[in-house]
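Trainee: Here is my input; please provide its structure:
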Amino acid sequence: MVSVYSWNVNGIRAAAKKGLLDWIEKERPEILCLQETKARRDQLPSELARPDGYHTYWAEADKPGYSGVALFTLYEPVSVEPLGVEAFDREGRTLIADFGSFVFFGCYFPNSQEAGARLDYKLAYCNAVKERADAYVAAGRHVLISGDFNIAHTPLDLARPEANEKNPGYLPEEREWMTYFLSSGYVDTFRMFTKEGGHYTWWTYRFKAREKDIGWRIDYHCVNEGFKDKVKESVILKNVMGSDHCPVKITLDVEV
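Mentor: Prediction:
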């Protein structure tokens, strides 16, 4: 069994001040993907840049203090690479790690922003990720795509759907893409085990939203259809603090 965690930490240095390293030491995730690190590796103390026992890999944005993805893993991957599209790699959005039994995509999907200012960019990124994943699946590989998708797919995935229909993350075009993705041979693993609404992974810092559980489910672990039988658990760790997101965890019946 292998457990994979994904967490948008909304700044790794800020999360470190809120106990990130203590959580890593206690939880000891075998594979951990962090999104929105907002830092370059060389800006971090060694214990954060490479926690004891971990191999660490970084996708860094050209723009300081923006975006960024990190992969902490107890298992050394066969290879780790970015998405391979300059427009997205310059924002440090993707790490693709080959663990042998599966290929892991750690992704920080763009926010479409107010009035859909970056919607075209966001959808282009979505399709680029899917295209890479499709190629692996076509070659007979299994894939796990994890991260902050910045999309609440259905009304079950946010507390106040009617009030957010014109807001980024719940735009019709984003939801349609998610439907397309999940009808093209990929599975939202959380929904394999939990059908009802009321389960969220992100809460705005305003309005005491987390305290009131007025949230959105925008962080996912998705697998190709042929890999779903290996998924033993897919859960939201809503009680883990340190960010405006909480971690999501998947357990796979594989060896790496």
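
Trainee: going forward, measure contacts between C-alpha atoms and count neighbours the same way
Mentor: Will do.

Trainee: Show me the strands in the protein, by range?
Mentor: Under the criterion DSSP state E, the chain carries strands at the ranges 2-8, 31-35, 55-59, 69-73, 79-81, 94-98, 103-108, 143-148, 186-188, 219-224, 231-236, 248-252.

Trainee: list the helices and strands the last one packs on?
Mentor: Spelled out, that is strand 248-252. Helices and strands touching strand 248-252, by 3 or more C-alpha pairs under 8 Å, 6 or more residues apart in numbering; DSSP states H and E, are strand 2-8, strand 219-224, strand 231-236.

Trainee: looking at the strands of the chain, which is closest to residue 41?
Mentor: Between residue 41 and these, the tightest spacing by C-alpha to C-alpha is seen for strand 55-59, at 7.0 Å.

Trainee: Direction included, what does that closest one pair against?
Mentor: Looking at strand 55-59 with DSSP bridges, its partner strands are strand 69-73 (antiparallel).

Trainee: Show me how far the strand it pairs with is from its chain's centre.
Mentor: Distance of strand 69-73 from its chain centroid, counting by C-alpha atoms, centre = their mean, to the nearest Å, is 11 Å.

Trainee: got a list of contacts for that strand?
Mentor: With C-alpha atoms under 8 Å, 6 or more residues apart in numbering as the test, strand 69-73 has contacts from 29-37, 50, 54-60, 92-95, 106-108.

Trainee: now stretch 105-116
Mentor: Counting by C-alpha under 8 Å, 6+ apart, residues outside stretch 105-116 touching it are 6, 33, 35-36, 67-69, 71, 93-97, 118-122, 125-126, 143-150, 166-169.

Trainee: Now for residue 118, how many residues are close by?
Mentor: 15 (other C-alpha atoms under 10 Å).

Trainee: same question but for residue 205, I mixed them up
Mentor: 12.

Trainee: That one and residue 211: what is the separation?
Mentor: With distances taken as C-alpha to C-alpha, to the nearest Å, residue 205 is found 10 Å from residue 211.
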